[in-house]
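S.K.: Predicted model follows, preceded by the sequence.
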Amino acid sequence: MFSFLVSFVCSTLLTLLVIKQAKLHEPALDTDFRGVQRAHSHLVARIGGLPIYFAVIVSATISIWREPVLLQWMTTLLFCAFVAFIGGIVEDYTGAVRPSRRLLLTMAGAMLGYLLLDAKIARIDLPFGLVLFASSWIVAPLTVLAVAGIANAVNIIDGFNGLASMVTICMLLSLAYVALQVGDVFVLIAALTVAGATAGFLVWNYPVGLIFLGDGGAYFIGFMLGELALLLVMRNPDVSTWYAALLLIYPAFETVFSAYRRMFVRGKSPAVPDGIHLHSLIFRRVVQWTVGRKEARALLKRNARTSPYLWLFSLMAVIPATLFWQNTSVLIVFCLLFVISYLWLYARIVRFRSPRWLIWRKKDWQ
């Protein structure tokens, strides 16, 4: 836990410094209160990824000093992650980096990981065997799309205070636990380092939202999550590939379903943002415990009350993935159950038929 604690302390202090010096980051202040996905009404710096990235660098440097064998792996991974991070952080400051360019940079980082770390999807486990991919013409694009997709997925679920950060912390801790079980020291330390940095950011992000993760933070954490999940599974044959699939299924399926909904249901480009993600619907149609929907204080409270729903929902995948990381059949069943649960819940909420046990009303808090 040393790596986690060092990263946590560094991130907590660096994030506070960024908040205190917000005037120096004026171009990165979020001033768009009318966007379809906005749920705040105050100026906030959207560069939470900056202190997270530097906290990881500091903690990784100390880890390398303590364990020199990590030097090549850790520096290479952070270099690949920087390629994905730079597009997001520049967007946070300028607002001028197109989604397609950010995606290309993330794909470039994934390609570097494929070439330099041998991080690739080389097999898929099945209940009665496995499928091996021998051709690099299949493995390379599949790997690049998977890692870039997870990075983009984390950015998509980053809609409310503490949502993406808490969800990814749970996933990273799961990766650390499984890495400990199989003796993969590199993945263990790297996962704890990123989890600690994200937790330090969360201190100031939840519940009041003093700083936002931003595209830089979301892409960096998502990229690291995807790469570490891939490395853990492929370096350790005992870990089922369906462990990674179930672990990451919430942000991954949210992205796939959003693309389907925009393209085939609404007839729009999948890159056009909308306000009907699952977390957006929960915010608007489930969290009804207060009134004054346009009042700043009420808006902030509703924002904070939304994330715990999705934390618990994501744990429906994270917990069984962590418990059954070796059992392919069980993991596949839980993947199917999660998809069914997601579609059922989304359909109920979008039709204004939210399950009663989900509704929080004002009287429940009096």
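M.R.: Received, thanks. This is a predicted model, so every value here is computed, not measured. Numbering: from 1, shown residues only.
S.K.: Start from the N-terminal end of the chain and give the helices.
M.R.: 2-20, 49-66, 71-94, 99-116, 136-157, 163-182, 185-205, 214-235, 241-247, 249-260, 278-285, 296-323, 328-350 (DSSP state H).
S.K.: could you dump these to JSON lines with distance to residue 123 and mean pLDDT?
M.R.: From N, CA and C alone the C-beta is placed, and that goes for glycine too. Listed next are the helices of the chain as JSON lines, based on distance: least, C-beta to C-beta, whole Å; pLDDT from 0 to 100:
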{"stretch": "helix 2-20", "distance to residue 123": "29", "mean pLDDT": "93"}
{"stretch": "helix 49-66", "distance to residue 123": "29", "mean pLDDT": "95"}
{"stretch": "helix 71-94", "distance to residue 123": "21", "mean pLDDT": "93"}
{"stretch": "helix 99-116", "distance to residue 123": "15", "mean pLDDT": "94"}
{"stretch": "helix 136-157", "distance to residue 123": "10", "mean pLDDT": "94"}
{"stretch": "helix 163-182", "distance to residue 123": "16", "mean pLDDT": "96"}
{"stretch": "helix 185-205", "distance to residue 123": "17", "mean pLDDT": "96"}
{"stretch": "helix 214-235", "distance to residue 123": "8", "mean pLDDT": "95"}
{"stretch": "helix 241-247", "distance to residue 123": "6", "mean pLDDT": "97"}
{"stretch": "helix 249-260", "distance to residue 123": "19", "mean pLDDT": "90"}
{"stretch": "helix 278-285", "distance to residue 123": "31", "mean pLDDT": "73"}
{"stretch": "helix 296-323", "distance to residue 123": "18", "mean pLDDT": "84"}
{"stretch": "helix 328-350", "distance to residue 123": "11", "mean pLDDT": "92"}
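S.K.: Turn those into a markdown table, columns for distance to residue 128 and mean neighbour count.
M.R.: Formatted as a markdown table, the helices of the chain follow (distance: least, C-beta to C-beta, whole Å; neighbours: other C-beta atoms under 10 Å):
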| stretch | distance to residue 128 | mean neighbour count |
| --- | --- | --- |
| helix 2-20 | 39 | 20 |
| helix 49-66 | 40 | 21 |
| helix 71-94 | 34 | 20 |
| helix 99-116 | 29 | 20 |
| helix 136-157 | 22 | 21 |
| helix 163-182 | 23 | 23 |
| helix 185-205 | 28 | 26 |
| helix 214-235 | 19 | 28 |
| helix 241-247 | 13 | 26 |
| helix 249-260 | 22 | 19 |
| helix 278-285 | 34 | 20 |
| helix 296-323 | 21 | 19 |
| helix 328-350 | 9 | 16 |
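S.K.: Can you lay out the ones you listed as CSV showing distance to residue 125?
M.R.: Shown next, in CSV, are those (distance: least, C-beta to C-beta, whole Å):
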stretch, distance to residue 125
helix 2-20, 29
helix 49-66, 30
helix 71-94, 24
helix 99-116, 20
helix 136-157, 15
helix 163-182, 14
helix 185-205, 18
helix 214-235, 9
helix 241-247, 5
helix 249-260, 16
helix 278-285, 28
helix 296-323, 13
helix 328-350, 5
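S.K.: So which of these is nearest residue 129?
M.R.: In terms of C-beta to C-beta, the element of the helices of the chain nearest to residue 129 is helix 328-350, at 9.8 Å.
S.K.: okay, the angle between that closest one and helix 296-323?
M.R.: Interaxial angle of helix 328-350 relative to helix 296-323 (axes from the mean of the first three to the mean of the last three C-alpha atoms, to 10 degrees): 160 degrees.
S.K.: Can you name every helix or strand that helix 328-350 contacts?
M.R.: Under the contact definition 3 or more C-beta pairs under 8 Å, 6 or more residues apart in numbering; DSSP states H and E, helix 328-350 sits against helix 241-247, helix 249-260, helix 278-285, helix 296-323.
S.K.: Output the ones you listed in a markdown table; the columns should cover distance to residue 224.
M.R.: Output for the helices and strands packed on helix 328-350, formatted as a markdown table (distance: least, C-beta to C-beta, whole Å):
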| stretch | distance to residue 224 |
| --- | --- |
| helix 241-247 | 14 |
| helix 249-260 | 13 |
| helix 278-285 | 22 |
| helix 296-323 | 16 |
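S.K.: how about the ones you listed, which one is nearest residue 160?
M.R.: Across the helices and strands packed on helix 328-350, closest to residue 160 is helix 296-323 (C-beta to C-beta), at 4.8 Å.
S.K.: same for that closest one, what does it pack against?
M.R.: Contacts defined by 3+ C-beta pairs under 8 Å, 6+ apart place helix 296-323 against helix 163-182, helix 241-247, helix 249-260, helix 278-285, strand 287-288, helix 328-350.
S.K.: Rebuild these as JSON lines, extending it with distance to residue 51.
M.R.: As requested, the helices and strands packed on helix 296-323 are arranged in JSON lines below (distance: least, C-beta to C-beta, whole Å):
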{"stretch": "helix 163-182", "distance to residue 51": "12"}
{"stretch": "helix 241-247", "distance to residue 51": "26"}
{"stretch": "helix 249-260", "distance to residue 51": "22"}
{"stretch": "helix 278-285", "distance to residue 51": "24"}
{"stretch": "strand 287-288", "distance to residue 51": "29"}
{"stretch": "helix 328-350", "distance to residue 51": "32"}
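S.K.: who wins for proximity to residue 100 among the ones you listed?
M.R.: Among the helices and strands packed on helix 296-323, if distance is taken as C-beta to C-beta, the winner is helix 249-260, at 14.2 Å.
S.K.: Mind listing residues that contact the closest one?
M.R.: Contact with helix 249-260 is made by 149-150, 152-154, 156-157, 164, 167, 222, 245, 270, 274, 277-278, 310, 313-314, 317, 335, 338-339, 342-343, 346, as judged by C-beta atoms under 8 Å, 6 or more residues apart in numbering.
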